[in-house]
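Peer 1: return atomic coordinates for the entry below.
(2 chains)
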Amino acid sequence: MAKNNASKIKTDSDIKILKDRITTFCAQTGYQLSPQADAIINDIVNMKRLTGDYFCPCQPQRLPETVCVCQAVRNGLVKILGACFCNLIISNIKDEE
Amino acid sequence: MPDTSKVITSQRFSQGFTYESYLAQVSGNRENYQQNDAAFKLSPEDAKFFKDFVKRLGGVKVLAILEDWCPDVHRGLPILARIAQASGMELRVFYRDKNPDIINLYLNQGKFQSIPVFAFFNKDLKPLCHWIERPEVATRFTEQVLAELTKKQLSEEELRQERRKRNAAMSDSWRQETVKELKELLAKTTAKIS
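Peer 2: Have a look, this model is predicted:
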């Protein structure tokens, strides 16, 4: 029981850290969080449990560049695709084309 | 091949959503499925391939494991549904996070719960093969984009150009590559059981 509680507290703390990081990034860039962000964040936190860091669950490489918020997103991916690879961060601009 | 017999029983399989009942209860992303479905055409040759496969085995069941939010699911599931409809496969849809015993049979690289998983069975639920996540071409695309966008930050105009180029490239080829990979997978399965 104690182990389970400790594990849950750790997970909750990981979720908060990641959510704060992404929310800050979105506030700085004008992007938005997906309406299903909580489910996707849970997946990324699970990646941390499995691999040691908040790696994007939708990219095959586990590199510093693929830790959420990944380098591709920081350099404009959302403007290209309208969303990041895992649909966590989305553009708030309607497709003009 | 995972031992699925204790988990994916006939009763369990029947508890999954049909494609229609799955779509009916999806809340946020139905539009994504509809766009992918509308854009996808299954050629008569491909439809015949899948139909012949089902006929040869005397019936095929296919189980899709997914979550609503995933872009790979939005692209892949409508393709599988169209194949199932055209060929007579019986499709059932299961949520990954509500069915950990099912997803744990199909872990990517032995540990990642990647979605979607499309698992194929014969009519008696004997496992045949499974396909995970996305076609290889899409994986290469993510690697390429990552490599490009890691090197430098593009200007607004460059981003606009990339957007046009990428969206056009992704729109059909990924869907057709998914069909191609599923055909190759089922052809290998046919060869094994012949």
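Peer 1: might you report the residue contacts of the closest residue to residue B:29 other than its chain neighbours?
Peer 2: Spatially, and ignoring its direct neighbours in sequence, residue B:29 is nearest to residue B:68 (5.3 Å; CB to CB, 6 or more residues apart in numbering or on different chains). The C-beta positions use only the backbone N, C-alpha and C, and glycine is treated the same way. Residues near residue B:68 by CB atoms under 8 Å, 6 or more residues apart in numbering or on different chains: A:36, A:39, B:26-29.
Peer 1: among those residues, name the buried ones.
Peer 2: Neighbour counting over the contacts of residue B:68 (16 or more other CB atoms under 10 Å in any protein chain shown) leaves A:36, B:29 as the buried ones.
Peer 1: with respect to per-residue confidence, which of the contacts of residue B:68 is lowest?
Peer 2: Least confident entry in the contacts of residue B:68, by pLDDT: residue B:28, with 76.
Peer 1: what about residue B:140, how many neighbours?
Peer 2: 11 (other CB atoms under 10 Å in any protein chain shown).
Peer 1: could you report the pLDDT at it?
Peer 2: The predicted structure lists residue B:140 with a pLDDT of 85.
Peer 1: using the three-state scheme, assign it.
Peer 2: When classified by DSSP: H, G, I helix; E, B strand; the rest coil, residue B:140 comes out as helix.
Peer 1: residues in contact with it?
Peer 2: Not one residue lies near residue B:140 by CB under 8 Å, 6+ apart.
Peer 1: mind telling me what element residue B:176 is part of?
Peer 2: Element membership for residue B:176 (DSSP states H and E) is helix B:156-193.
Peer 1: so for that helix, mean pLDDT?
Peer 2: Here the average pLDDT along helix B:156-193 is 83.
Peer 1: on contacts alone, who are the packing partners of that helix?
Peer 2: Applying 3 or more CB pairs under 8 Å, 6 or more residues apart in numbering or on different chains; DSSP states H and E, we find helix B:156-193 packed against helix A:77-81, helix B:30-39, helix B:44-57, helix B:71-87, strand B:117-122, strand B:127-132, helix B:136-151.
Peer 1: possible to save those as JSON lines with distance to residue A:32?
Peer 2: Formatted as JSON lines, these follow (distance: least, CB to CB, whole Å):
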{"stretch": "helix A:77-81", "distance to residue A:32": "9"}
{"stretch": "helix B:30-39", "distance to residue A:32": "16"}
{"stretch": "helix B:44-57", "distance to residue A:32": "38"}
{"stretch": "helix B:71-87", "distance to residue A:32": "16"}
{"stretch": "strand B:117-122", "distance to residue A:32": "29"}
{"stretch": "strand B:127-132", "distance to residue A:32": "29"}
{"stretch": "helix B:136-151", "distance to residue A:32": "20"}
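Peer 1: which residue packs closest to the residue nearest the centre of chain B, ignoring adjacent ones?
Peer 2: Residue closest to the average C-alpha location in chain B (CA atoms, centre = their mean): residue B:76, at 3.9 Å. Nearest non-adjacent residue to residue B:76, counting by CB to CB, 6+ apart: residue B:116, 5.0 Å away.
Peer 1: list the contacts of residue B:65.
Peer 2: The contact partners of residue B:65, by CB under 8 Å, 6+ apart, come to B:94-96, B:99, B:102-103, B:106, B:115-117, B:119.
Peer 1: and residue 55, how many neighbours?
Peer 2: Unless you meant another one, I'm taking chain A. Residues lying near residue A:55 (other CB under 10 Å) number 22.
Peer 1: chain B was what I was after
Peer 2: 12.
Peer 1: and if you look at residue A:86?
Peer 2: 22.
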